[in-house]
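Enquirer: return a 3D structure for these sequence lines:
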Amino acid sequence: MFVGICRIEFLLLEGCSLKEKRQVVRSIIERLQHRFNISIAEIGHLEAQRRAEIGLAAVSNETHHLERIIGKIVDFVEQDGRVQVLHVSKDYY
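Expert: Numbering: from 1, shown residues only. Sure, this is the predicted structure:
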């Protein structure tokens, strides 16, 4: 069994309140959960208005499969027009 862990830090492109930021982040999290069946949560910059960080984990029996899934997840977030990805870190165990 292998585990893939990924942290994605991003900037919300439109200036917004914390309430609006949380709606955008929650929307991204829910879409990723349903599309990729992963564990995911907002983990950083909780009180910042325009920055957010999410952390996610996926489990598979092959590291190649994990790399492909996490790559698709990062691409999915990068294609969201509401955010700009600032930093991505990936680890496989």
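
Enquirer: what mean pLDDT does the helix ranked longest in the chain get?
Expert: Secondary structure of the chain read by DSSP state H shows that its longest helix is helix 18-36. Across helix 18-36, the average pLDDT comes to 95.

Enquirer: then stretch 76-93?
Expert: Computed over stretch 76-93, the average pLDDT equals 96.

Enquirer: quick one: end-to-end length of that stretch, please.
Expert: 23 Å (C-alpha to C-alpha, to the nearest Å).

Enquirer: now that stretch, how far from the centre of its chain.
Expert: 6 Å (C-alpha atoms, centre = their mean, to the nearest Å).

Enquirer: run through who's touching it.
Expert: By C-beta atoms under 8 Å, 6 or more residues apart in numbering, the residues outside stretch 76-93 that reach it are 2-14, 24, 28, 31-32, 35, 51-52, 63, 66-67, 70, 74. All C-beta spots, glycine's among them, are computed from the backbone N, C-alpha and C.

Enquirer: tell me which residues of that stretch come out buried.
Expert: The neighbour-count criterion (16 or more other C-beta atoms under 10 Å) identifies 77, 83, 88 as the buried residues of stretch 76-93.

Enquirer: return the subset of those lying in strands.
Expert: Under the assignment DSSP state E, those contribute 83, 88 to strands.

Enquirer: closest to Leu18 among the buried residues of stretch 76-93?
Expert: Val83 (15.5 Å; C-beta to C-beta).
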